[in-house]
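# Provide a 3D model corresponding to the input given below.
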Amino acid sequence: MNFLAHIYLSGDNDLIKIGNFMADGIRGKQFENFPEEVQKGIILHRSIDTYTDSHAIFRQSTKRLHEKYHHYAGVIVDIIYDHFLAKNWEKYSDEKLEKFINRFYRSLHENYPVLSEKTQDLMPYMIKQNWLLSYQTIEGIRNILTQMDRRSKNLSKMQFASEELVEFYTEFEQEFTLFFEDLKQHSKQKLLTL
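Numbering: from 1, shown residues only. Purely as a prediction, here's the structure:
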């Protein structure tokens with residue numbers, strides 16, 4: 001669910017961005033049914049997820065949430081980290097966040113036929129509610145977490161995780177900042193091999 005980071009880490013190729021964005025819904029070798037550049041995005045996404053899940057700083061962040069949210073802790077930290085990327089966007093890009101997001105939304109429309117069915121279904125809600133921009137605020141994160149909790153039939157209790165975001169705000173932000181530098185390097189290297 002850390003859509004913003006995945007899109008940002010994809011470089012300038014729209015199809016790689018789209019592949020990286022929709023990769024969570026694509027299982028196993030299904031990715032081979034997509035155009036080559038989209039496949040690269042899916043492979044990049046999987047590499048980012050593997051790297052993230054094993055990174056010591058990311059694990060430090062998830063540890064703070066494990067007791068209360070169990071295996072959802074990683075998903076929550078992904079979303080929290082997207083908050084800090086959106087909040088501190090000017091550190092990572094010369095392009096305004098709104099412009100970056102609108103360009104991505106436009107590319108989804110322009111490349112609609114290559115999107116997975118799941119992404120086609122999700123797209124109108126995402127754009128209408130402007131999920132990517134909403135990551136900038138704690139309220140926006142609270143809304144995203146609540147929507148995700150509903151999808152788990154309220155079993156995950158993710159809707160309450162914004163409380164930990166507020167309580168450990170400084171710690172999460174420091175961890176994100178250190179981790180994201182490593183992740184940017186990893187992604188850059190991976191893109192060169194695709």
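# Show me the longest helix that occurs in the protein.
helix 169-193 (DSSP state H).
# so how far is that helix from its chain's centroid?
13 Å (C-alpha atoms, centre = their mean, to the nearest Å).
# ditto for stretch 23-33
Worked out by C-alpha atoms, centre = their mean, stretch 23-33 lies 17 Å from the chain centre.
# Just the buried residues of that stretch, please?
Using 16 or more other C-beta atoms under 10 Å as the test for burial, stretch 23-33 gives 23-24, 26, 31. No exception for glycine: its C-beta is placed from N, CA and C like everyone else's.
# taking the residues you listed one by one, which sit in strands?
Members of the buried residues of stretch 23-33 lying in strands (criterion: DSSP state E): none.
# List the ones among the residues you listed that fall in helices.
Per DSSP H, the buried residues of stretch 23-33 never map to helices.
# In TSV: those residues, plus pLDDT.
Formatted as TSV, these follow (pLDDT from 0 to 100):
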residue	pLDDT
Ala23	96
Asp24	90
Ile26	94
Phe31	93
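# picking that back up, give me the buried positions along the longest helix of the chain.
Those would be 172-173, 175-176, 179-180, 183, 186-187, 190-191, for helix 169-193 by 16+ other C-beta under 10 Å.
# Closest to Thr52 out of these?
Using C-beta to C-beta, the shortest approach to Thr52 within the buried residues of helix 169-193 belongs to Leu183, at 6.6 Å.
# quick one: the closest one and Asp53 touch, right?
No: using C-beta atoms under 8 Å, Leu183 makes no contact with Asp53, being 11.5 Å away.
# That concludes my questions; thank you for your assistance.
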